[in-house]
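Novice: return a 3D structure for these sequence lines:
(2 chains)
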Amino acid sequence: MTALAARRRHPLAAVALVLLGLLVTGVAYAAVTPARAQATTTSTDDIAAGKALFLANCATCHGLNAEGRDRFPSLIGVGAASVDFQVGTGRMPLQATGPQAPKGKNKFTAEEVSQLAAYVASLAPGPAVPSAQQVDPAAGNQSNGSLLFRTNCAMCHNFAGKGGALTRGKYAPNLAGVTPTHIYEAMVTGPQSMPVFNDSTITPQDKRDIIAYLGAVDSETSPGGFSLGAIGPVSEGLVAWVVGLAMLVGCAVWLGAKSS
Amino acid sequence: MSIDQTTHGTGHGGSDGHSDGHSDARGTDVATTAGGGLPERFENPGLPVHRHRMADVDPKAAKRAERQVAALFGLSTLGTILLVVAYYAVPIEPDERDRWAQIAQTLRLSNTLLGIGLFLALFGIGAGAVHWAKTLMPDEERIELRHPMRGTDSERADAVAILQEGSAEAGVGRRPLIRNSLLGALVPLSTIPPIVLLRDTGPLPGKSLSETVWKAGTALVQDPVIGEEKRIKASDLTIGSVVHVLPAGIEDTEHPLDEIAKAAVLVMRLNPADLDEASQPGAYEGIVAYSKICTHMGCPVALYEQQTHHLLCPCHQSTFDLKQNCKVIFGPAKRPLPQLAITVDDDGYLVAKSGFSEAAGPSFWERG
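Specialist: Next comes the predicted model:
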């Protein structure tokens, strides 16, 4: 007590006090704030720029504070991954009303997308954009990915990821040519009709395996010849009937025709 | 016997006195009405004019057709050679186990060449034979008359007499012991073995179709089971999540695939407020589990739409509404998907509260 009292007027006391205060504030802040969900650091400038972009492009439907209304969902807590997926694949801003927002052309630069994502992520914590290492197909196990894909994804997206129909005009899109990052984000966030596959139900390693499998399906040559869209019996049946039957009819006509 | 009634036409010409095909007499004997309209009755026009083929009249054309047939047969030979060469020349064995993707290209080449070779080999023979028949084999009309199927009266009387004579000589009527013992052999042979043999196709399924591995306390594990079973923590499921689920220990049953076909389950987490009263008792904080086997034809109903909470069966588009205890809202299914009532154990992992509310899967005979 006396020792502390004696040094109270030391010239460096104020400096020490300020440092101590900063340390306590910093530790408390780090303890209280949820873990930053961003793979890359975002600055307050990004968030401000993102908010400006949001107000100009998204607020009409999602509300000035991203709170949503009626059929337009709130974006609080959807995370950067959702924004990166929806805007990065051109689904948002919505082009027209319909059963489902189709894939479109991304109207923003990569920087603008990340600014928008930073703004939405700043509203409440949510799934982050995965790192390049998390979505590296080369690091995934295609065989395990195939097993997981067939159990969890193939019923909607087709065994080769070619997509398929859902109810009332909705559909599961074709996965050919979708970037690994967007595949990862779709699994984490569950856009539109798609359910959520969080890191507990499908671990990040499993997600990378699925990405590796889809990459392999995309790049592989079909050993059977024409894949005909790999959509199963519809296209194969059409070709069999049209081409095969035409050949049979041609042969029958030739058999019946009298020789000249 | 008088089979010789068959009359073979001799070359061209008809049996009814029409001129042969060489004269241009076709149609001249058709009676027409005065007005030029429909005739009162159609006369037999006879055979059409016989038109000779090129190969019949021109030896050079015949020679050409001969060469064409030979070329088609030769094509078949080439196809066979291609088939055999391609079979050995194009390697389809992967160098290493995991390099399957690399050989897809050569596999495709192999398949294509084998297919073309086999096509040429078979089609060449067929096309050559047809072309041969059409161009070079005899081409002349021939008439075969039909004759009555019925035999003459004397033939029929002969046949009856033969049967009667045989019966009398065998003495069936005179020796009842033989007749009766023969009946005693035939009747059991035709009745007892079918009953005994068909019985062994049983027993009836009993309750095996109504019962699944699920019972109170069975843990829910993730499908597919790779190595260790992965149990599901209720707190790990976020709203909108879907997990494909099997009962714990299913791989250890006698016939795992048979059991999976009845016991596969889909688990989803919704906002609890979205669930109606009927589905609430079996739910745990918005987590619901339903049989994945369609009540129509048994396809896996796994197309879950997260926003509408509809489950769609890909086979016949039966749609089930998760919000209304999986009631059928579209398609041919007649019954809702049975719910698996769930709760959590002491560690927060999902377990079944009881078996399915009713028999899972499509209808069957013994189903109550």
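Novice: what does the stretch 151-260 of chain A put close to chain B?
Specialist: Within the stretch 151-260 of chain A, the residues that sit near chain B (Cβ under 8 Å from any Cβ of the partner chain) are A:151-152, A:155-156, A:164, A:166-167, A:170, A:172, A:190, A:192-198, A:200-201, A:216, A:219-225, A:254-255, A:258-260. Every C-beta, even on glycine, is put in place using the N, C-alpha and C of the backbone.
Novice: got a quick PyMOL command for the buried subset of the residues you listed?
Specialist: Here is the PyMOL command that selects the buried residues among these (16 or more other Cβ atoms under 10 Å in any protein chain shown):
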select buried, chain A and resi 151+152+155+156+164+166+167+170+172+190+192+193+194+195+196+197+198+200+201+216+220+221+223
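Novice: residue closest to the middle of chain A?
Specialist: The residue lying closest to the centre of chain A (Cα atoms, centre = their mean) is residue A:185, at 2.5 Å.
Novice: check which helix or strand that one maps to.
Specialist: Element membership of residue A:185, judged by DSSP states H and E, is helix A:180-189.
Novice: which strands and helices sit next to that helix?
Specialist: Where contact means 3 or more Cβ pairs under 8 Å, 6 or more residues apart in numbering or on different chains; DSSP states H and E, helix A:180-189 is packed against helix A:79-88, helix A:204-219.
Novice: tell me which of the ones you listed sits most buried.
Specialist: Across the helices and strands packed on helix A:180-189, the average number of neighbours (mean count of other Cβ atoms under 10 Å in any protein chain shown) peaks for helix A:79-88, which reaches a mean of 26.
Novice: any weak-confidence spans in chain A?
Specialist: In the predicted model, chain A carries pLDDT under 70 at residues A:1-6, A:30-42.
Novice: okay, now the domains of it?
Specialist: Structural domains annotated on chain A: A:44-123, A:137-219, as defined by automatic domain parsing.
Novice: picking that back up, in a markdown table: the helices and strands packed on helix A:180-189, plus distance to residue B:367.
Specialist: Output for the helices and strands packed on helix A:180-189, formatted as a markdown table (distance: least, Cβ to Cβ, whole Å):
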| stretch | distance to residue B:367 |
| --- | --- |
| helix A:79-88 | 45 |
| helix A:204-219 | 38 |
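Novice: and the end-to-end length of stretch B:339-347?
Specialist: 23 Å (Cα to Cα, to the nearest Å).
Novice: need the residues that contact that stretch.
Specialist: B:214, B:217, B:219-220, B:233-234, B:265, B:267, B:279, B:281-284, B:287-291, B:325-326, B:350-357 (Cβ atoms under 8 Å, 6 or more residues apart in numbering or on different chains).
Novice: ditto for stretch A:143-151
Specialist: If you take Cβ under 8 Å, 6+ apart as the criterion, stretch A:143-151 is touched by A:157, A:159, A:161, A:202, A:206, A:208-214, B:223-224, B:226, B:244.
Novice: contacts only, for the closest residue to residue A:215 other than its chain neighbours.
Specialist: The spatial neighbour of residue A:215 that comes closest, neighbours along the chain excluded (Cβ to Cβ, 6 or more residues apart in numbering or on different chains), is residue A:137 at 4.0 Å. Going by Cβ under 8 Å, 6+ apart, residue A:137 touches A:180, A:208, A:211-212, A:214-216.
Novice: for chain B, state which of these is nearest.
Specialist: residue A:216 (6.1 Å; Cβ to the nearest Cβ).
Novice: wait, doesn't that closest one sit right on residue A:142?
Specialist: Yes: Residue A:216 lies in contact with residue A:142 (Cβ atoms under 8 Å); the separation is 4.8 Å.
Novice: which parts of the stretch 151-260 of chain A are helices?
Specialist: Using DSSP state H, counting those that start in this stretch, the helices found in the stretch 151-260 of chain A span residues A:154-157, A:180-189, A:204-219, A:233-239, A:245-256.
Novice: out of the ones you listed, the one nearest residue A:96 is which?
Specialist: Of all these, helix A:180-189 sits nearest to residue A:96, with 21.3 Å by Cβ to Cβ.
Novice: centre of the chain to the closest one, how far?
Specialist: 3 Å (Cα atoms, centre = their mean, to the nearest Å).
Novice: likewise stretch B:297-317?
Specialist: 26 Å.
Novice: ok, stretch A:240-260 next?
Specialist: With Cα atoms, centre = their mean, you get 51 Å for stretch A:240-260.
Novice: contact partners for residue B:178?
Specialist: residue B:172.
Novice: tell me the domain boundaries of chain B?
Specialist: Looking at automatic domain parsing, the domains of chain B come to B:54-135, B:153-199, B:220-356.
Novice: distance between the ends of the first one?
Specialist: Okay, so that is domain B:54-135. 8 Å.
Novice: which of the residues in stretch A:60-69 are buried?
Specialist: The neighbour-count check on stretch A:60-69 (16+ other Cβ under 10 Å) flags A:62-63, A:66 as buried.
Novice: burial measure for residue 50, as a count.
Specialist: Assuming you mean chain A. 24 (other Cβ atoms under 10 Å in any protein chain shown).
Novice: that's the wrong chain, I wanted chain B
Specialist: By other Cβ under 10 Å, 13 other residues sit near residue B:50.
Novice: in a markdown table, list the domains of chain A along with distance to residue B:37.
Specialist: Below are the domains of chain A laid out as a markdown table (distance: least, Cβ to Cβ, whole Å):
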| stretch | distance to residue B:37 |
| --- | --- |
| domain A:44-123 | 63 |
| domain A:137-219 | 59 |
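Novice: residues in contact with the residue of chain A found nearest chain B?
Specialist: When scored by Cβ to the nearest Cβ, chain A has residue A:200 as its residue closest to chain B, at 3.4 Å. Residue A:200 sits next to B:233, B:236-237 when contact means Cβ under 8 Å, 6+ apart.
Novice: neighbour-wise, which one of these leads?
Specialist: Neighbour tally across the contacts of residue A:200 (other Cβ under 10 Å): the maximum, 23 neighbours, falls on residue B:237.
Novice: can you tell me how far that residue is from chain A?
Specialist: 7 Å (Cβ to the nearest Cβ, to the nearest Å).
Novice: quick one, strands of the chain?
Specialist: If you meant another chain, say so; for now it's chain A. Assigned by DSSP state E, chain A shows strands spanning A:164-165, A:171-172.
Novice: that's the wrong chain, I wanted chain B
Specialist: According to DSSP E, the strands that chain B contains are B:220-222, B:242-247, B:265-269, B:287-291, B:303-305, B:310-312, B:319-321, B:327-330, B:340-344, B:350-356.
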